[in-house]
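1. Provided below are the primary sequence and the corresponding predicted coordinates.
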Amino acid sequence: MKKIYSVLVENRSGVLSKVAGLFARRCFNIDSLAVGETDDPQVSCMTIVSSGDKKTLEQIEKQLNKKLDVIKIKTFDEPDSIPRELMLVKVKYNKTNRRDIMEICEAMKADIVDMSKSQMMIQICDRPCRTQTLINLLSSISIVEIARTGTLALPKCTD
């Protein structure tokens, strides 16, 4: 079972360390973590994806609420939200596989954002499962390097 926690925290040094320490001390797993400023520079939003049984996920929320730096917590499940992840993947290409790579990019709605004589960089912004699908499709080609953000998510619009 996975849960997404959108945690508004005070934007100051040490807050990320405290939250990560909370997870480490209690052996909770962080599947994904992304942090950034909100429209208010004094407040950051941490998007944390964690997995576990129902009791563990409830305990995570309770422990986060105890932290002094935490302003507000919203939780939601994946079906109730729009999750996105950004990935850049650099691959080697040649004359024989160049067209295949381009067709994969077109099918996955990924963009080629940089090229050299033997490498290309592909960008995708999509659900985490789709970024993983792109990796799987490109795995037969020589992947040079991958950079992925953590998952960002907001609850679906209701009105």
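-> Perfect, thanks for sending it.
2. who does the helix or strand hosting residue 59 touch, helix- and strand-wise?
-> For residue 59, the enclosing helix or strand under DSSP states H and E is helix 54-66. Using 3 or more C-beta pairs under 8 Å, 6 or more residues apart in numbering; DSSP states H and E, the elements in contact with helix 54-66 are strand 2-10, helix 15-25, strand 70-76. C-beta: built from backbone N, CA, C; applies to glycine.
3. What pLDDT does the model give the residue nearest to residue 11 when sequence neighbours are not counted?
-> In this structure, residue 11 finds its nearest non-sequential neighbour in residue 44, 4.3 Å apart by C-beta to C-beta, 6 or more residues apart in numbering. On the pLDDT scale, residue 44 is placed at 95.
4. In three-state terms, label residue 44 for me.
-> strand (DSSP: H, G, I helix; E, B strand; the rest coil).
5. Could you check how far it is from residue 112?
-> 32 Å (C-beta to C-beta, to the nearest Å).
6. With neighbour numbers in mind, choose between those two.
-> Neighbours per residue, other C-beta atoms under 10 Å: of residue 44 and residue 112, the larger number sits with residue 44, 20 against 15.
7. How much space separates the more buried one from residue 12?
-> 9 Å.
8. on that earlier part again, let me know the distance separating the residue nearest to residue 11 from residue 131.
-> From residue 44 to residue 131 the distance is 24 Å (C-beta to C-beta).
9. likewise residue 72?
-> Between residue 72 and residue 131 the distance is 28 Å, computed by C-beta to C-beta.
10. Using the record's assignment, carve the protein into domains.
-> Segmentation of the chain into domains, based on automatic domain parsing, reads 2-76, 82-155.
11. Could you pull up the contacting residues of residue 36?
-> The contact partners of residue 36, by C-beta atoms under 8 Å, 6 or more residues apart in numbering, come to 44, 45.
12. could I have the helix or strand it falls within exported to PDB, CA atoms only?
-> Residue 36 is part of strand 30-37, with elements assigned from DSSP H and E. Coordinates of the C-alpha atoms in strand 30-37 are reproduced here as PDB (Å, rounded to 0.1, in the frame of the first residue of the first chain):
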ATOM      1  CA  ILE A  30      10.700   6.700   1.700                       C
ATOM      2  CA  ASP A  31       9.900   5.600  -1.800                       C
ATOM      3  CA  SER A  32      10.200   9.200  -3.200                       C
ATOM      4  CA  LEU A  33      11.000  12.600  -1.800                       C
ATOM      5  CA  ALA A  34      10.800  16.000  -3.500                       C
ATOM      6  CA  VAL A  35      11.100  19.400  -1.800                       C
ATOM      7  CA  GLY A  36      10.600  22.900  -3.100                       C
ATOM      8  CA  GLU A  37       9.500  26.300  -2.100                       C
END
